[in-house]
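Chemist: test case, fold it:
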Amino acid sequence: MIQTRLGHIQFNIKPENRPFYQDLLPFLGYPVIDDSPEILGVGPDIFHSFWFFTGANDAHNDYDGPGLNHIGLLAQHQADVDTLVAYLRERNISLLFDTPRHRPEFAYDAEHTYYQVMFETPDRILIEVVYMGRLGQ
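Modeler: Down below sits the predicted model:
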């Protein structure tokens with residue numbers, strides 16, 4: 001058996017949507033590693049990173065079909081989710097699945113919450129930002 005861990009995730013995006021990611025990812029606390037015309041890399045380092053490559057073809061992503069459903073990002077505080085909600089609303093980005101909301105069925109006990117917002121990027125990449133911690137924090 002070998003031991004592996006997540007190193008990076010690549011997203012193929014349309015060039016015209018690049019500014020969306022250039023604005024969103026730093027807002028979510030991801031430092032820019034590479035910002036060239038065809039590539040946007042973000043993360044604390046190349047070993048823990050997201051890469052956005054312009055040049056996606058016209059195939060449509062169906063996140064309920066085979067393949068990636070969504071990327072989940074952990075928030076440090078419940079208020080961080082609400083701050084992101086305000087950011088998304090200011091940019092007319094639709095919130096999906098009746099979020100933001102608490103999901104008690106996903107919380108690991110009655111003292112904790114699973115508080116999420118879900119939205120879709122212009123390239124139809126589904127993103128969830130979730131606070132999983134004590135209620136009210």
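Chemist: now residue 44: closest residue in space that isn't a chain neighbour?
Modeler: Once flanking residues are discounted, residue 44 sits nearest to residue 31: 6.6 Å by C-beta to C-beta, 6 or more residues apart in numbering. Where C-beta positions appear, they are placed from N, C-alpha and C, glycine not excepted.
Chemist: so who does the one you found touch?
Modeler: 42-44 (C-beta atoms under 8 Å, 6 or more residues apart in numbering).
Chemist: tell me the one of those nearest residue 86?
Modeler: residue 42 (21.3 Å; C-beta to C-beta).
Chemist: what about that closest one, which SS state?
Modeler: strand (DSSP: H, G, I helix; E, B strand; the rest coil).
Chemist: bridged to it, which residues?
Modeler: Beta bridges link residue 42 to residue 32, residue 50, judged by DSSP bridges.
Chemist: return the residues in contact with it.
Modeler: 21, 25-26, 30-33, 49-50, 52.
Chemist: restrict those residues to the buried ones and give me that as a PyMOL selection.
Modeler: A single PyMOL command selects the buried members of these (16 or more other C-beta atoms under 10 Å):
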select buried, resi 21+25+30+33+49+50+52
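Chemist: and the helices in this protein?
Modeler: 18-27, 78-90 (DSSP state H).
Chemist: what does the shortest one contact?
Modeler: Put plainly, it is helix 18-27. 13, 32, 35, 40, 42, 50, 52, 54, 84, 87, 121-122.
Chemist: if we go to 6 Å?
Modeler: Contacts of helix 18-27 with the rest of the structure, by C-beta atoms under 6 Å, 6 or more residues apart in numbering, involve 40, 42, 52, 54, 122.
Chemist: could you list the low-pLDDT ranges of the protein?
Modeler: Within the chain, the ranges that satisfy pLDDT under 70 run 137.
Chemist: between all of the contacts of helix 18-27, which two are at the greatest distance?
Modeler: Largest pairwise distance in the contacts of helix 18-27, by C-beta to C-beta, is 16.7 Å, between 42 and 122.
Chemist: wait, which of the helices of the chain is closest to residue 72?
Modeler: helix 78-90 (12.1 Å).
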